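S.K.: the sequence isn't on hand, but the structure is:
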Ligand code: SF4
Ligand code: SF4
């Protein structure tokens, strides 16, 4: 059994004051001066930690409160109210919502799995990954002593073509060459996001984080500089096909990526001529016709394909279609053509939570890219001021590489633990076995169709009797 992969985390303080969801307004007028005030019973000691005098009217917007509403509900005179912070509501967008941003901040700061104080407040179902539920039937029989206990759950995955079978000779040694694959300990590759106030130090910090985690970081080749010289083995340069000259590729790099173009397989062969051991991933935009492109590449011997959705987890050419459906569609096409096991499928685009990693793998991806969460780990508010050339409110470019690396390690450490929790609850002990396990998940669209399709459609304007 391989040695146990663990990501050790420790609290890494924020550099700036975070934006909290709400504030507390407590009125003194009418106070009954209860012997045991609800403010004293806050399970998080928020009132004491604030250092404010609880006998007076308090208006406080900070991030100590966990929004459990216990004090609001229990004050006998209803003198305590919560007010929403407009700055909080203004963050991000419909996909990178304020609550997702705040949860990513917390995981990057503490390295811990976020715990909601008041149960699940969200809708029953929603678009994209929210219409998918994982089978948690094994939660009644969890691993003997927790996710880091004796029962090993492996999150390791392979990039490249695994052999259909192995041959051994009479002396029990492998015949032929050992399979050529890149082995990473978790199904996550970091990726430099498409915007952000990103400096050379930021990239160096992300690369240090990737190296610490044992994974890779994908980045445009022009961002590879001398500061990354000794980190070639954890870099995955994204190159433009035409600019792929041997001198551009960092020493020790194991893998590069080129975009799909007509005839890109010829370019892969040219690159292999210079670097026989280099893996080449081909990036296909998640759009109409991607299944045929993936199939043609797989048949042509390409071993790694990256399906790229947009930053909102949608198709590039159709924002009504979701990333999860694109991954499923390509995965199923390759299975139908009996070629799925000859290829590694990478997926990217708007993965914002740890559960999205597990769900993307269940839909058929082997490994995913994580991009904006590693920017949000650095306190990004997704305000997009940097796109307009305005200063970054949290000065991300001034953060030291060590701080950047520690925040990313914390974030991925928290995600890794959540992946272990999901796999443990599903009774799956190996991330490679999770791939395509749709039998262990439920999809709202499928259930809706099988339940209601036979009832026909309600036409617009029709009157129900
Ligand atoms: S809402 Fe809950 S966590 Fe927040 S101050 Fe009141 S009791 Fe404490
Ligand atoms: S906080 Fe705003 S300006 Fe700074 S990197 Fe994030 S989106 Fe860009």
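M.R.: It's in. Since the model is a prediction, treat every value here as computed from it, not as a measurement. Numbers count the residues shown, from 1 in each chain. Ligands and ions are numbered 1, 2, ... in the order given.
S.K.: going forward, measure contacts and count neighbours with C-alpha atoms only.
M.R.: Fine.
S.K.: and the residue of the stretch 151-300 of the chain closest to ligand 2?
M.R.: Here the stretch 151-300 of the chain gets closest to ligand 2 at one residue, residue 196, 3.7 Å apart by Cα to the nearest ligand atom.
S.K.: what is the neighbour count of the nearest residue to that residue once chain neighbours are set aside?
M.R.: Excluding the flanking residues, the one nearest residue 196 by Cα to Cα, 6 or more residues apart in numbering is residue 386, at 5.9 Å. Using other Cα atoms under 10 Å, residue 386 has 15 other residues around it.
S.K.: residue contacts, residue 386?
M.R.: 195-197, 392 (Cα atoms under 8 Å, 6 or more residues apart in numbering).
S.K.: same question for residue 393.
M.R.: Counted by Cα under 8 Å, 6+ apart, residue 393 has zero contacts.
S.K.: secondary structure class for it?
M.R.: coil (DSSP: H, G, I helix; E, B strand; the rest coil).
S.K.: next: residue 236.
M.R.: Residue 236 - assigned by three-state DSSP - is strand.
S.K.: identify the bridge partners of it.
M.R.: residue 218 (DSSP bridges).
S.K.: quick check, it in contact with residue 222.
M.R.: No. Contact status for residue 236 versus residue 222: not in contact, 12.0 Å apart, counting by Cα atoms under 8 Å.
S.K.: who has more neighbours out of the two?
M.R.: Shown here are residue 236 and residue 222; by other Cα under 10 Å, residue 236 has more neighbours (28 against 10).
S.K.: need the contact list for that one.
M.R.: 216-219, 253-257 are the contacts of residue 236 under Cα under 8 Å, 6+ apart.
S.K.: for it, give its distance to residue 220.
M.R.: The gap separating residue 236 from residue 220 is 9 Å, by Cα to Cα, to the nearest Å.
S.K.: same question for residue 148.
M.R.: For residue 148 relative to residue 220 (Cα to Cα), the value is 36 Å.
S.K.: tell me where the stretch 301-450 of the chain has strands.
M.R.: 304-308, 344-348, 367-370, 441-443 (DSSP state E, counting those that start in this stretch).
S.K.: residues near residue 235, how many?
M.R.: 30.
S.K.: from what I can see it touches residue 221, true?
M.R.: No. The pair residue 235 / residue 221 is not scored as a contact, 9.5 Å apart, by Cα under 8 Å.
S.K.: quick one on the thing from earlier: dump the strands of the stretch 301-450 of the chain to a markdown table, plus mean neighbour count.
M.R.: Output for the strands of the stretch 301-450 of the chain, formatted as a markdown table (neighbours: other Cα atoms under 10 Å):
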| stretch | mean neighbour count |
| --- | --- |
| strand 304-308 | 25 |
| strand 344-348 | 26 |
| strand 367-370 | 26 |
| strand 441-443 | 16 |
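S.K.: check contacts around residue 310.
M.R.: Residue 310 touches 316, 348-350, counting by Cα under 8 Å, 6+ apart.
S.K.: equivalent analysis for residue 420, please.
M.R.: 147, 153, 155.
S.K.: take those residues and keep only those in strands.
M.R.: The strands, defined by DSSP state E, take in nothing from the contacts of residue 420.
S.K.: these into CSV, with extra columns for distance to ligand 2 and neighbour count?
M.R.: Shown next, in CSV, are the contacts of residue 420 (distance: Cα to the nearest ligand atom, whole Å; neighbours: other Cα atoms under 10 Å):
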residue, distance to ligand 2, neighbour count
147, 33, 20
153, 35, 22
155, 30, 21
